[in-house]
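Chemist: Next input, structure requested:
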Amino acid sequence: MDSEAYFQNELEDHATVLAETRNRLLKPFQDMLDAWEACIKDGGKILFFGNGGSAADAQHLSAELVIRFISDRAPIAALALNTDTSALTAGSNDLGYDQVFARQIEALGKPGDIAVGISTSGTSPNVVEALKMARKMGLVATAFTGRDGGVMPDYADQVLIVPAKSTRRIQEMHITLGHMLCGALEQRLKLI
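Modeler: Below is the predicted model of the structure:
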């Protein structure tokens, strides 16, 4: 293996996805930021969820909002639904894994809250079911996905579809866009 070529190729691929993201996602980004801001100003909360690396992103972004992102400030109400192992295992056992996030949305969500489903493929059944439940209950359903968006655009009010096919590139842009939303939200709320 030529490690130098691999290094250069990976960064070039990342730069290409970054450029396409910059060209395509400004308006969807602004729409999602507007929804997040309205939710928090109205006393709502942001509920993140995903599987695998997307679960890690959900937990990461929730912590950025609850604790701090750029500077010390008042907390922003957020929760990662994939962190409660008792709810995940009980839900999987009793209801089926496709219902673990939907059930938590049903229990914890209220109209005006934001549901943020994260799936690189846009087809994760448990993420899709949670978005459906969010809409049914009057939450604002939002999504981070990639490739062609999968089915998630059918069930989300705002969608950030990273223009890439590779899971790693999509995940890189998800955390970048998530960080940008956290920082912009702090600024909009004048918490910096």
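
Chemist: Please report the residue range of the longest strand in the protein.
Modeler: Secondary structure of the chain per DSSP state E: the longest strand is strand 140-146.

Chemist: packing partners for that strand?
Modeler: helix 26-41, strand 114-118, helix 125-137, strand 158-162, helix 167-188 (3 or more CB pairs under 8 Å, 6 or more residues apart in numbering; DSSP states H and E). C-beta coordinates here come from the backbone N, C-alpha and C atoms, glycine included.

Chemist: give me that answer again for 6 Å
Modeler: strand 114-118, helix 125-137, strand 158-162 (3 or more CB pairs under 6 Å, 6 or more residues apart in numbering; DSSP states H and E).

Chemist: what pLDDT, on average, does the second one get?
Modeler: Here the mean pLDDT over helix 125-137 is 98, rounded to a whole number.

Chemist: can you check stretch 181-192 too?
Modeler: Regarding stretch 181-192, the rounded mean pLDDT is 91.

Chemist: Now do it: everything it contacts.
Modeler: Stretch 181-192 is contacted by residues 33, 36-37, 64, 69-71, 73-74 when judged by CB atoms under 6 Å, 6 or more residues apart in numbering.

Chemist: again with stretch 47-58
Modeler: Here stretch 47-58 has contacts from 61-62, 79-82, 101, 115-116, 118-119, 124, 130, 171, 174-175, using CB under 6 Å, 6+ apart.

Chemist: chain center to it, what's the gap?
Modeler: 7 Å (CA atoms, centre = their mean, to the nearest Å).

Chemist: Check stretch 90-108 too.
Modeler: When C-alpha coordinates are averaged (CA atoms, centre = their mean), stretch 90-108 and its chain have centres 18 Å apart.

Chemist: In CSV, list the C-alpha atoms belonging to that stretch.
Modeler: Output in CSV follows, covering the C-alpha atoms of stretch 90-108 (Å, rounded to 0.1, in the frame of the first residue of the first chain):
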residue,chain,number,x,y,z
ALA,A,90,-36.4,-3.2,26.5
GLY,A,91,-37.8,-1.6,23.3
SER,A,92,-35.8,-4.0,21.1
ASN,A,93,-37.0,-7.0,23.1
ASP,A,94,-40.6,-6.0,23.6
LEU,A,95,-41.5,-3.9,20.5
GLY,A,96,-38.7,-4.6,18.0
TYR,A,97,-35.7,-2.6,17.2
ASP,A,98,-37.5,-0.6,14.5
GLN,A,99,-39.6,1.0,17.3
VAL,A,100,-36.9,2.0,19.9
PHE,A,101,-36.6,5.6,18.8
ALA,A,102,-40.3,6.1,17.9
ARG,A,103,-41.3,4.9,21.4
GLN,A,104,-39.0,7.4,23.0
ILE,A,105,-40.3,10.2,20.8
GLU,A,106,-43.8,9.2,21.8
ALA,A,107,-42.8,9.3,25.5
LEU,A,108,-40.5,12.4,25.5
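
Chemist: Appreciated, that's everything.
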